[in-house]
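Student: requesting a structural model of the entry that follows:
(2 chains)
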There are 2 protein chains.
Amino acid sequence: MKKNLLLLAFLPLMLTAQYSTDSAFIKQISDEIMRNGKAYDLLRQLTKGIGGRLAGSAQYNQAVKWGEASLKALGADKVFLQACMMPNWNRGGVDKASVVLIGGKKSTRVLDVLALGNSEGTGGKPIVAEVLAVQNFAELEAKQAEVKGKIVYFNYKFNPTNINPGKSYGEAGQYRRTGASRAAKYGAVGIMIRSLTEATDNNPHTGTMVYNDSFPKIPALAVGGDDADYLWELGKKNSFSASISTHGFFTADVEGHSVIAELTGTEFPNEYITVGGHLDSWDVNEGAHDDGAGIVHTIEVMRALKALGYRPKRTLRFVLFANEENGFRGANKYAEEAQKNKEQHLFALESDAGGFTPRGFGITASVEQLRKIQSWIPLLKPYGTDNINAGGGGADIGPLNRVFGTALAGLMPDGQRYFDLHHARSDVFENVNKRELLLGAVNMAALIYLVDKHGL
Amino acid sequence: MKKNLLLLAFLPLMLTAQYSTDSAFIKQISDEIMRNGKAYDLLRQLTKGIGGRLAGSAQYNQAVKWGEASLKALGADKVFLQACMMPNWNRGGVDKASVVLIGGKKSTRVLDVLALGNSEGTGGKPIVAEVLAVQNFAELEAKQAEVKGKIVYFNYKFNPTNINPGKSYGEAGQYRRTGASRAAKYGAVGIMIRSLTEATDNNPHTGTMVYNDSFPKIPALAVGGDDADYLWELGKKNSFSASISTHGFFTADVEGHSVIAELTGTEFPNEYITVGGHLDSWDVNEGAHDDGAGIVHTIEVMRALKALGYRPKRTLRFVLFANEENGFRGANKYAEEAQKNKEQHLFALESDAGGFTPRGFGITASVEQLRKIQSWIPLLKPYGTDNINAGGGGADIGPLNRVFGTALAGLMPDGQRYFDLHHARSDVFENVNKRELLLGAVNMAALIYLVDKHGL
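Tutor: Below you'll find the predicted structure:
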């Protein structure tokens, strides 16, 4: 009775010789990674050695060289770079904000802020204006007559009752992405948002925003949790003004690269299975969980399969995608080239949800494919995969599904801490745990092995 | 297809009216805890306000008062203290060790060490002796002729291929518990052990050891991972000597207390369901995960059920157990008193595995009881309980099973980080995540509700 009662449903499968073979090889994968895994050391190199690596930055190009060298050194059959044009947004300086007037009286309360990615700066000098604090878009619409000339503060909070914080992030994300233009429509001169997090610290979280070209491109920044609470309480009792100063700007697109490695297929070399994460990160942190974890997962899967002498039936591609954070240019290019080269893309797996303990995979595929993948749960469960659910994949592999109908999977690590760190200064190496990180690679490598071996 | 395919097995159950009622109430429990939970604030009070609280210390007594006051303030029907005698071990000073001679040459390499709990000190001055480094007991036995007059260093490592680090802890634990006497048997004058951890830092980890009275009570201490690697590499190439200085001593047993709260049963008041954790911790840290988390889980379950106006059928007992770490005296007393008072103890649930994201429960019960509890998986799965397996409970509730045959459950949080912090200075409030902590209480409260409602 040591095993979960539910596994009884899989008993017939579990008694086959194939099951034993697969189970034994997956144990070899796990032992190889847990004993000799390089993911943690690689992550230290990427985060501490290179650091933040936004598309267009010198660090991004360093990361490309590092990725290429690492994949070669660890035994890929082939490594090449794939060029794409990337946006080149620069923060341009230190973002600042402070509350300067409360109910007519001077204040100097400094807020800890970060400009949102892609946002325009305040033009070389601070913008000082009264703040209109609103809970959500409905309140903005109701108060549209009061918006003109003001800085709008959006206090939209994560819903703490969502057990999956990704759901809360999805709900709150529109304030970061579209809040500026929705406020600019009514004459706002800037916006501040509560960061997309439930973290108990005061770190602001950056991330992509997009302007609607119909309205003025006003500055946009995020405040951390403590400052958000402060602003909201202040706005309930007082009128107040803030000074904000940001410096964001775009220069012309620049060429960048995704890094691609292969273990060449022995039976179906033109049939591809892709494993990937994104090599870029925001500029303000080390991008350790987002998505340093996915990058070293990807390299580790390659390393372990190679170290075990595994010769894949299909060609396994290990892709360090360019420019996920503010452009998806690497992802789009990869699918375009695949189409041009008439490649067949059977399956793609992304790790872009952090380096925490794996709990399973989210799948975008046909019902039959999903059922087949779910039939492998007993093989993966000893390593942490309790759930294989419909829905999931990743931003970098999404285009493959749209172009080829490729079946997608996204690693689902435990998600409770992810948005505490995501796009904040605190997303650093020290917040990644070695065993948790390695276990992610174990489950990914096992799934890749099963898809390669048994098809979909 | 959003749900796990496996849940189809439970479909008949899930279509019943009882399932809907239970599901709705558990959602209320979850919302109440995730929205209004006090566990995180309570943990801050216990860890930052009181700190380390070893049995016999002034802090332990403070913690008793705090626990009593908290349970009263949060609405328990009844709160009382249960006295027991507790051992009173004192660290007695700052533990020190250094390598003083390498291959005949002087050295001053300082090691970061902690004396093992219950160990005797070096008698007011350092012990200086040659070190015999061994991997395990087999090597100690093989080299028994070389042991006399030396300090034995045990380098037994966690097996990194165990996916459950608790298994590795179980395997390595004998070196901490019995290593001193096994070395003293052959004339060793002290021991050092590699700490029971795979942590990537250098924190030493204390924890209980026990002397075999047949042999001299020699000093015993633990070194962290970096120092352990250093000692092992050093021992391969050189003979070396170390100086160790510890100060541990026992004074006479002292009276201490467990704190017990009740929500009184409306139908079967003499039938008890116990929820608990242990109030004591080691002296060198804040005991945040071990077992501050279990304490605030216990209080939170009470608070939430009370806040929701839940009137239990059976009497629910919330117990902050005394002296788990080095004596189990609170646990033994609780079972003794229960027997004396002819109480019926149906079920007991302990949280003593940290405040990380819950993944399920381990159960010690009859096969029928286990099956019944497993039939509730679909109700608990939305909150993280993927696994309910045979085997588990907790040190504080164990005596209830031995005395009454009470069915036991232990909360199983994700365990990958637990032994990084366990009994080390790093087990502090900052390493507990609010949402992870609250989710543990959600799953515990839901299970208690189901057992109370449906019996076992």
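Student: pLDDT wise, what is the closest residue to chain B within chain A at?
Tutor: At 3.7 Å from chain B, residue A:386 is the closest residue in chain A, using CB to the nearest CB. C-beta: built from backbone N, CA, C; applies to glycine. pLDDT recorded at residue A:386 is 97.
Student: cool, and residue A:6?
Tutor: 57.
Student: the helix or strand of chain A with the lowest mean pLDDT vs chain B: in contact?
Tutor: Using mean pLDDT, DSSP states H and E, helix A:11-14 stands out as the lowest-scoring helix or strand of chain A, at a mean of 74. No: counting by CB under 8 Å from any CB of the partner chain, chain B has no neighbours in helix A:11-14; the shortest distance is 12.1 Å.
Student: so what's the gap between that helix and the chain middle?
Tutor: Chain-centre distance of helix A:11-14: 36 Å, with CA atoms, centre = their mean, to the nearest Å.
Student: after it comes which helix or strand?
Tutor: helix A:17-36 (DSSP states H and E).
Student: which parts of the next helix or strand after that next one are buried?
Tutor: Using DSSP H and E, the helix or strand that directly follows helix A:17-36 along the chain is helix A:39-44. By 16 or more other CB atoms under 10 Å in any protein chain shown, the buried positions in helix A:39-44 come out as A:39, A:40, A:42, A:43, A:44.
Student: just the CA trace of the following helix or strand past helix A:39-44, in PDB.
Tutor: Moving toward the C-terminus from helix A:39-44, the next helix or strand (DSSP H and E) is helix A:58-73. The C-alpha trace of helix A:58-73 is given here as PDB (Å, rounded to 0.1, in the frame of the first residue of the first chain):
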ATOM      1  CA  ALA A  58      25.900  43.500 -24.300                       C
ATOM      2  CA  GLN A  59      25.100  40.900 -21.600                       C
ATOM      3  CA  TYR A  60      22.600  39.300 -24.000                       C
ATOM      4  CA  ASN A  61      25.400  38.800 -26.500                       C
ATOM      5  CA  GLN A  62      27.700  37.400 -23.800                       C
ATOM      6  CA  ALA A  63      24.900  34.900 -22.900                       C
ATOM      7  CA  VAL A  64      24.700  33.800 -26.500                       C
ATOM      8  CA  LYS A  65      28.400  33.000 -26.500                       C
ATOM      9  CA  TRP A  66      28.200  31.300 -23.200                       C
ATOM     10  CA  GLY A  67      25.300  29.200 -24.300                       C
ATOM     11  CA  GLU A  68      27.000  28.200 -27.500                       C
ATOM     12  CA  ALA A  69      30.200  27.200 -25.700                       C
ATOM     13  CA  SER A  70      28.300  25.300 -23.000                       C
ATOM     14  CA  LEU A  71      26.300  23.200 -25.400                       C
ATOM     15  CA  LYS A  72      29.400  22.400 -27.400                       C
ATOM     16  CA  ALA A  73      31.400  21.500 -24.400                       C
END
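Student: contacting residues around helix A:58-73?
Tutor: With contacts defined as CB atoms under 8 Å, 6 or more residues apart in numbering or on different chains, helix A:58-73 is touched by A:42, A:45-46, A:49-54, A:79, A:81, A:256-257, A:259, A:261, A:279-280, A:295, A:299, A:302, A:318, A:320, A:322.
Student: mind listing what's buried in that helix?
Tutor: A:59, A:60, A:61, A:63, A:64, A:66, A:67, A:68, A:70, A:71.
Student: now those residues as JSON lines including distance to residue B:400 and pLDDT?
Tutor: What follows is the buried residues of helix A:58-73, written out as JSON lines (distance: CB to CB, whole Å; pLDDT from 0 to 100):
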{"residue": "A:59", "distance to residue B:400": "58", "pLDDT": "98"}
{"residue": "A:60", "distance to residue B:400": "59", "pLDDT": "98"}
{"residue": "A:61", "distance to residue B:400": "63", "pLDDT": "98"}
{"residue": "A:63", "distance to residue B:400": "56", "pLDDT": "98"}
{"residue": "A:64", "distance to residue B:400": "60", "pLDDT": "98"}
{"residue": "A:66", "distance to residue B:400": "56", "pLDDT": "98"}
{"residue": "A:67", "distance to residue B:400": "56", "pLDDT": "98"}
{"residue": "A:68", "distance to residue B:400": "60", "pLDDT": "98"}
{"residue": "A:70", "distance to residue B:400": "54", "pLDDT": "98"}
{"residue": "A:71", "distance to residue B:400": "56", "pLDDT": "98"}
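Student: was I right about residue A:33 contacting residue A:302?
Tutor: No: taking contacts as CB atoms under 8 Å, residue A:33 lies outside contact range of residue A:302: 11.5 Å.
Student: so these two - more neighbours on which side?
Tutor: Shown here are residue A:33 and residue A:302; by other CB atoms under 10 Å in any protein chain shown, residue A:33 has more neighbours (30 against 27).
Student: from the centroid of chain A, which residue is nearest?
Tutor: residue A:352 (4.4 Å; CA atoms, centre = their mean).
Student: which other helices and strands contact whatever helix or strand residue A:337 lives in?
Tutor: Element membership for residue A:337, per DSSP H and E: helix A:329-340. With contacts taken as 3 or more CB pairs under 8 Å, 6 or more residues apart in numbering or on different chains; DSSP states H and E, helix A:329-340 sits against strand A:78-90, strand A:249-263, strand A:268-278, strand A:314-321, helix A:398-404.
Student: go again using 10 Å as the cut-off
Tutor: Judged by 3 or more CB pairs under 10 Å, 6 or more residues apart in numbering or on different chains; DSSP states H and E, helix A:329-340 is in contact with strand A:78-90, strand A:249-263, strand A:268-278, strand A:314-321, strand A:344-350, helix A:398-404.
Student: tell me the most buried of the ones you listed?
Tutor: Most buried of the helices and strands packed on helix A:329-340, by mean neighbour count (mean count of other CB atoms under 10 Å in any protein chain shown): strand A:314-321, with a mean of 27.
Student: mind listing the strands that strand pairs with, and their directions?
Tutor: Using DSSP bridges, strand A:314-321 pairs in its sheet with strand A:249-263 (antiparallel), strand A:268-278 (parallel).
Student: centre of the chain to that strand, how far?
Tutor: 18 Å.
Student: pLDDT of it, averaged?
Tutor: pLDDT averaged over strand A:314-321 gives 98.
Student: could you tell me the angle between that strand and strand A:78-90?
Tutor: Calculated by axes from the mean of the first three to the mean of the last three CA atoms, to 10 degrees, strand A:314-321 forms an angle of 20 degrees with strand A:78-90.
Student: residue A:455 contacts residue A:346, correct?
Tutor: Yes: contact criterion CB atoms under 10 Å: residue A:455 and residue A:346 qualify, at 7.2 Å.
Student: nearest residue to the residue of chain A closest to chain B other than its sequence neighbours?
Tutor: Once flanking residues are discounted, residue A:386 sits nearest to residue B:386: 3.7 Å by CB to CB, 6 or more residues apart in numbering or on different chains.
Student: likewise for residue A:206?
Tutor: residue A:114 (4.3 Å).
Student: what are the contacting residues of the one helix or strand the one you found maps to?
Tutor: Assigned by DSSP H and E, residue A:114 belongs to strand A:113-115. By CB atoms under 10 Å, 6 or more residues apart in numbering or on different chains, the surrounding residues in contact with strand A:113-115 are A:89, A:91-98, A:121-122, A:192, A:195, A:203-207, A:209, A:219-224, A:227, A:242, A:244-248, A:282-285, A:423-425.
Student: swap in 6 Å and give it another go.
Tutor: With contacts defined as CB atoms under 6 Å, 6 or more residues apart in numbering or on different chains, strand A:113-115 is touched by A:95, A:97, A:204, A:206, A:221, A:222, A:223, A:246, A:248, A:284.
Student: pairing partners for it, with directions?
Tutor: The pairing partners recorded for strand A:113-115 under DSSP bridges are strand A:220-223 (antiparallel).
Student: give the buried residues for the strand it pairs with.
Tutor: A:220, A:221, A:222, A:223.
Student: now swap in stretch A:146-160 and tell me
Tutor: So stretch A:146-160, judged by 16+ other CB under 10 Å, has buried residues A:147, A:150, A:151, A:152, A:153, A:154, A:155, A:156, A:157, A:158, A:160.
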